[in-house]
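Participant: turn this into a model:
(chains A and B)
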Amino acid sequence: MSANIHIQVEDFDVSDEINALTAEAPLTGAVATFTGYVRGDDGLTALTLEHYPGMTEHEISRIAADAARRWSLTGVTIIHRVGRLEVGERIVLVAVASGHRAAAFEACEFLMDYLKTRAPFWKLEERGGQSGWVEAKASDDAAAERWRKS
Amino acid sequence: MNILYFAWVRQKVGRSEETIEHTPELRTVGDLALRLCARGGGYAEAFGDMSRLRAAVNQAHASLGTTIDSGDEIAFFPPVTGG
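Facilitator: From the prediction side, this is the model:
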């Protein structure tokens, strides 16, 4: 299984991505997707996503390969947008295809947990005229850590 | 060695990359961080508290003890916040 990994400025269409993921994978019985959006809480107006070109793709490939070792998957698509995104815009898509739902659900969650703690992206928040870098959350580290035990 | 900076590390040091010649006393990522911190100014701000920083060597996550050599690409950045 090879993962489709895209780091891009442009938006994506979830339905198109699911169709592409399943088009040539007849053993697919389930697709689980996660879509992340810019959430407008505490007066947030926009996020600017910075990344480390090269390492980002390598790191996400490593995470996807790890998922493919843990679960029987028929396809994975991961899209992460970069640049300035306003409230309500899509940021990230993880789509996982598998023979059965349990593997699709679990692998999707695993990929998001590791994406959040391993892939080199950084969010700069805008609130009114002020901007500041988002701090990493201990809860995200804990979410990724639990997969080590299972 | 090519040194890269991201997010607030980049803002504090005032540049996104620079080249530093590898010398024998620069054995590890931590040695390099101390050298950069000793420059003072924005570098001292960025590297003053290494517990707030993360690093990568040749595009793979690294620790302060990871060894470095000439030709390496070494990056310093805050804990990641994507997704």
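
Participant: next, count neighbours for residue A:100.
Facilitator: Applying other C-beta atoms under 10 Å in any protein chain shown, we find 12 residues neighbouring residue A:100. Backbone N, C-alpha and C define where each C-beta goes, glycine included.

Participant: cool, residue A:25 as well?
Facilitator: Here the number of neighbours of residue A:25 (other C-beta under 10 Å) works out to 17.

Participant: contact residues of chain A facing chain B?
Facilitator: For chain A, the residues in contact with chain B (C-beta under 8 Å from any C-beta of the partner chain) are A:36, A:49-52, A:54-55, A:58-59, A:80, A:91-92, A:112, A:115-124, A:133-136, A:140.

Participant: recalculate using a threshold of 6 Å.
Facilitator: Counting by C-beta under 6 Å from any C-beta of the partner chain, chain A comes close to chain B at A:36, A:50, A:52, A:54-55, A:58, A:92, A:115-116, A:119-123, A:133-134, A:136.

Participant: show me those that map onto strands.
Facilitator: Using DSSP state E, A:36, A:50, A:92, A:121, A:122, A:123, A:133 are the members of those that sit in strands.

Participant: for the second one, which residues make a bridge with it?
Facilitator: What it means is residue A:50. Beta-bridge pairing of residue A:50 under DSSP bridges involves residue A:122.

Participant: pLDDT weak spots in chain A?
Facilitator: A:150 (pLDDT under 70).
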